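1. I would like to see how this sequence folds:
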Amino acid sequence: MAAGDGVRLLPLTATRPKVMLPVAGKPMLHHLLLEAKKAGVTEAVIVVRYQKEMIASYFRAKEKELGMRLTFVEQGPENGTAAAILAAEKEISDTFLVLAGDTVTDSGVIKQVLKGHKGRITIGVKKVANPHLYGVVELSGDTISLFEEKSQHPKSDLANLSIYCMDASVFSEIRTIPKSARGEYEIVSLFLGAKAVVVDGFWMDIAHPWDLLTANEFLLERMEARTESVENSTIKGKLVMEPGSRIINSYVEGISYIGANTIIGPNAYLRGVNAIGADCEIGESTTVKNSVLFDGIKAKHLSYIGDSVVGEGVNFGSGTQLANYRFDGSTINVQTERGWANTGRSKFGAVIGDGVRFGVLSCTMPGKLIGEGSWISSGVVVNKNVPPRSRVYVKQELRFAKEETE
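-> Numbers count the residues shown, from 1 in each chain. Prediction:
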């Protein structure tokens, strides 16, 4: 299921579908398909709608690399999981697996659901620490006796993972589902009496931009190291470098993914877990810490990019600083399109849309969102969210006093 537009992931999804958000060097859907392949899946039907051409174009080019037969179908105007699944009906005649394209997991989790499948529907569930953020189930044995969606006082800590194994006969049931109170066709109405498999292993829903940082760490820890050109640099940790990338006279600690033709240095500092996209330039005295940078980032002089997610083609003027820590040490809240959200992180910088330009000596306060195409003028302190395509200036008054003489 890859049709969603990802409102909670703005401004990053203003210019791409959420399943195409890059993490550890590839779109999250690419990672998910790789794990499905490891679990034994050889054919995938990808349900698209929002910016469908971007998804289809990318994955048609990757079909051979993935080793899977891919088919693309478009979800109509109806919303909801049931509508997404029904869009694929003509391509399916046997038992099938459903995966939400905006999740990151490993093949072991998928295998557990496939192995445990019995009956018409089997659902993967997992114990979570924050069940109020998810749809949760109660079980009678291995059968679902209750399902509730994002209750503030959930009766269970078993979250629905949006990993389903279904018999093809379920399509006739889906067609009878009425619209929910939210105006969507939701598959959860078929869950009562279905089998649940309680899984262990990594799984997360990419709901907010800061989730990309957690997913990036999980994925990079599992990737094999590979090195390209490293000149006169200190490396304490693991590098995953793509062809044409270079590290020059720099210091790297932790785990860093370096995209194709990206240049790090001279005299740059990478620390923590970072993914830096293709065709980037991270230069003189610039620090990147625990961040995900998309392609084409320029941060050549004296910048600090900490615990942030930076969209494609962003330019950092000399001395740009992305602050990532509150003086009181509290977790950082972000004002999103759907209200305030707690990141759960004591350190979190900024989320920056594509094509943003920063003037020299500008900075952002923790947890700010900067819309795509905006310009932040020299000396500006961004202390509130910036709408898309804005021009942000600071008014400065210069005063001159004559030198007093005796």
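2. mind checking the longest helix of this protein?
-> helix 52-66 (DSSP state H).
3. what lines up beside the helix or strand following that one in the sheet?
-> Later in the chain than helix 52-66, the nearest helix or strand by DSSP states H and E is strand 69-74. Using DSSP bridges, the strands paired with strand 69-74 in its sheet are strand 43-48 (parallel).
4. Now stretch 234-250: buried residues?
-> Judged by neighbour count (16 or more other Cβ atoms under 10 Å), stretch 234-250 contains these buried residues: 235, 238-242, 245-248, 250. For the C-beta atoms, the positions are set from N, CA and C on the backbone; glycine is no exception.
5. Now for those: which two are most distant?
-> 238 and 248 (18.8 Å; Cβ to Cβ).
6. which of the buried residues of stretch 234-250 lies closest to residue 223?
-> Once Cβ to Cβ is applied, the member of these that ends up nearest residue 223 is residue 240, at 5.1 Å.
7. And what about the spatially most central residue of the chain, helix, strand or coil?
-> Centre of the chain computed as the mean C-alpha position; nearest residue by Cα atoms, centre = their mean is residue 212, 3.9 Å away. Put simply, residue 212 is helix when judged by DSSP: H, G, I helix; E, B strand; the rest coil.
8. Count the residues that sit near the nearest residue to residue 275 once chain neighbours are set aside.
-> Counting by Cβ to Cβ, 6 or more residues apart in numbering, residue 257 is the residue found nearest to residue 275 once chain neighbours are left out, at 4.3 Å. Look at residue 257: counted by other Cβ atoms under 10 Å, it has 27 neighbours.
9. again with residue 88
-> 20.
10. Name whatever forms a beta bridge with the closest residue to it other than its chain neighbours.
-> Leaving aside its sequence neighbours, residue 88 sits nearest to residue 45 (Cβ to Cβ, 6+ apart; 4.5 Å). Taking DSSP bridges as the rule, residue 45 bridges to residue 71.
11. how about the residue nearest to the centre of the chain, what does it touch?
-> Neighbour list for residue 212: 21, 23, 206, 292, 309 [criterion: Cβ atoms under 8 Å, 6 or more residues apart in numbering].
12. Which single one of those residues is nearest to residue 178?
-> residue 206 (29.3 Å).
13. Quick check: that closest one touching residue 31?
-> No - Residue 206 is beyond contact range of residue 31, at 10.6 Å (criterion: Cβ atoms under 8 Å).
14. Save the contacts of residue 212 as JSON lines, and put in pLDDT and secondary structure too.
-> As requested, the contacts of residue 212 are arranged in JSON lines below (pLDDT from 0 to 100; DSSP: H, G, I helix; E, B strand; the rest coil):
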{"residue": "21", "pLDDT": "98", "secondary structure": "coil"}
{"residue": "23", "pLDDT": "97", "secondary structure": "strand"}
{"residue": "206", "pLDDT": "96", "secondary structure": "coil"}
{"residue": "292", "pLDDT": "98", "secondary structure": "strand"}
{"residue": "309", "pLDDT": "98", "secondary structure": "strand"}
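15. about what we covered before: can you check the pLDDT for the residue nearest to residue 88?
-> Listed pLDDT for residue 45 reads 97.
16. which residues touch it?
-> By Cβ under 8 Å, 6+ apart, the contact list for residue 45 reads 70-73, 88, 91-92.
17. Which of those has the largest number of neighbours?
-> residue 88 (20 neighbours).
18. what sits against it?
-> Going by Cβ under 8 Å, 6+ apart, the list of residues near residue 88 reads 45, 47, 73, 96.
19. isn't the third one right next to residue 84, touching?
-> No - because the distance of 9.5 Å does not satisfy Cβ under 8 Å, residue 73 is recorded as not touching residue 84.
20. what's the overlap in contacts for the two?
-> residue 47.
21. The nearest residue to residue 224 once chain neighbours are set aside: which element?
-> Distances taken as Cβ to Cβ, 6+ apart put residue 240 closest to residue 224, at 7.5 Å, once the chain neighbours are dropped. In this assignment (DSSP H and E), residue 240 forms part of strand 234-241.
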